Structures are given as structure tokens and as C-alpha cells.
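J.: next input, structure requested:
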Amino acid sequence: MNVKKLFDMSGKTVIITGAAGLLGSQYAEGLINSGANVVLADLNYKLCKEIRERLVKKKDSKALAVKLDLTDKKSIQDMVKKVIKKYSTINVLINNAADQGDSRLRKTPFEEFPLKNWNHAIDVNLTGVFLCCQEIGKVMVKQRNGIIINISSTYGIVAPDQRIYGKSGQNSAAFYAATKGSIINLTRYLAAYWQGKGIRVNTLSPGGVEKGQDKDFIKKYSYKTILGRMAKRDEYVGPILFLASDASSYMTGSNLIVDGGWTAW
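T.: Numbers count the residues shown, from 1 in each chain. The predicted model follows:
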């Protein structure tokens, strides 16, 4: 058994939505280091280009920055055309982009939450994933090969513990739980739907990442985990590489939970 070959992504084309975000850029770096051709897709095209330049300079690898609006089907179709033109194939799709709302929205009582913000989050977090799976799924069906990784959350599995948030503005809105929970079952549906066509579909459900939040919040959150801390920003690269590579070849329709033990007790 060649363990290195199991995780080798050389020549594989990987699309990452939400690539300009904290975790998206980490996934991109990890996959590029494993030999993948990474497509950095985000509404923030300027930041995608900056990340691309930094990663390419660092690793001397192929990467493509693409402006992507998940609420616009044509934008997704245009991205697919650009990727196929450059790489001829799409091996992996990571549906990472998500609307989490700003701190003001996260502090808004459920009873007063604006419908327009709810609808926008559904459009990005759920319909955007549906459209990406639909358009890129067409390519993968023709190839008879492909991997889709949908990013959910611990809050797609359990409810947020409102006691730990206080006035931190870190608590997630109802739309986040609703969309992330839906993602898990959409994954199962697609894994079963594409059975026998060489396409594997799995979910990654990460826990909270420490990124300079309020110290009291970090302490309360950490207490809720078995490992006693929040995740470091690069600790989800390993799980992503596992799901994107042949290392997970016997895995589909599953939800990989990596949350420091938050949901285990």
C-alpha cells in the first residue's frame, strides 16, 4: 500500500466556492500542496486573485481565480465553462461558501428576523449548493467520476447552545441551522441518486474556529468541547484532503464530524 499515493491530488482539478474566506483559503493551500489544480471561486474576485498569486508564487502550481455569484445560475455555468476550458475536467467540488450574516443580524431576535435576509441565506447556503451540484454534476456524470464535498456544521446537527454567546455576536441565526441541516440530507440524496456513476458525495461538519473572538466566548465554547479548545484555522485541511482523495474511496453519503468532541457528549 502506497499511503502517499492515497492522498496524492496531482493533476486533479478542485473547485472551492467561498475560496476567499478563512477556511476556503486554507483548503486551497492544502490541496495545492498536494498537487491539485485549484479553482478559487468567490464573489470577492479581488481577494481570490490575491490568494491565487500568493499560493502560486509559494508553490509554483496551477490555480485559477473566478468570480462566482451563487445566486446566479449563469454565473455558475460560466465558471464551469472556464474550468473545463482550462483543465478539461472537474474532479472535486467543495461547496464551502456560506452566508452567516453579520453580528447585527446574529443578534436579531428570531421573532423579528427580516425575511429578505432569510431568503438571501437560503439562496446562497442551500440553493447555491443545489445549483453547483446540478451544473458540475452534469460534468461528473459524463466523466463517470467525481467527488463532491458539502460543508455543513455542528449546527446542522445540534442546536446552538445560546448560553455561551451572551452579547458576543457569534451566535448563528436560524437560517444557518436550517441550511446546514439541509445540506447533510442533500448529500445523502445525491450520493444515492448518483449511485453507480462513479460520483461520491460526502459532508464535512466542522466546529468553531478560533479567530480573535471575545475571550469570554472562546472560554465558554472551549469548555463545551472534549478537547477543551476551538479549532485552529488549518485543522480542517486534513479532513478535506481525506474526503477529496482516494483515501476516502469507500465513503459516500456520509457526514464527517470534526468538532473537537462538541457533539460527542
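J.: can you pull out the low-pLDDT segments for the stretch 1-150 of the chain?
T.: 60-61 (pLDDT under 70).
J.: all strands for it, in order.
T.: Ranges of strands in the stretch 1-150 of the chain, per DSSP state E, counting those that start in this stretch, are 13-17, 37-42, 63-67, 92-95, 146-151.
J.: of the ones you listed, which is nearest D78?
T.: Closest approach to D78 among the strands of the stretch 1-150 of the chain is made by strand 63-67 (8.2 Å; C-beta to C-beta). All C-beta atoms are positioned from the backbone trio N, CA, C, and that covers glycine.
J.: contacting residues around that closest one?
T.: The set of residues external to strand 63-67 that reach it, using C-beta atoms under 8 Å, 6 or more residues apart in numbering, is 28, 32, 37-43, 45, 48-49, 51-52, 55-56, 75, 79, 82-83, 86-87.
J.: repeat the analysis, applying 6 Å as the threshold.
T.: With contacts defined as C-beta atoms under 6 Å, 6 or more residues apart in numbering, strand 63-67 is touched by 38-41, 45, 48-49, 52, 55-56, 79, 82, 86.
J.: Y236: which of these is nearest?
T.: For the contacts of strand 63-67, the closest approach to Y236 (C-beta to C-beta) belongs to V38, at 15.5 Å.
J.: what about that closest one, distance to G261?
T.: For V38, the distance to G261 (C-beta to C-beta, to the nearest Å) stands at 30 Å.
J.: when those two are compared, which one has more neighbours?
T.: Taking other C-beta atoms under 10 Å, V38 and G261 do not tie; V38 has more neighbours (31 against 14).
J.: strands of the stretch 151-265 of the chain, start to end?
T.: 199-206, 255-258.
J.: just put the ones you listed in TSV and tack on mean neighbour count.
T.: TSV is the format used below for these (neighbours: other C-beta atoms under 10 Å):
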stretch	mean neighbour count
strand 199-206	24
strand 255-258	18
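J.: which one of these lies closest to K220?
T.: Of all the strands of the stretch 151-265 of the chain, strand 199-206 sits nearest to K220, with 18.5 Å by C-beta to C-beta.
J.: same for that closest one, what does it pack against?
T.: Where contact means 3 or more C-beta pairs under 6 Å, 6 or more residues apart in numbering; DSSP states H and E, strand 199-206 is packed against strand 146-151, helix 174-193, strand 255-258.
J.: return the distance of it from the chain's centre.
T.: 9 Å (C-alpha atoms, centre = their mean, to the nearest Å).
J.: what is the mean pLDDT for it?
T.: Across strand 199-206, the average pLDDT comes to 98.
J.: strands paired with it, and their directions?
T.: As defined by DSSP bridges, the strand partners of strand 199-206 come to strand 146-151 (parallel), strand 255-258 (parallel).
J.: V139: which of these is closest?
T.: So among those, strand 146-151 is nearest, using C-beta to C-beta, at 7.3 Å.
J.: quick one: buried residues of that closest one?
T.: Using 16 or more other C-beta atoms under 10 Å as the test for burial, strand 146-151 gives 146-151.
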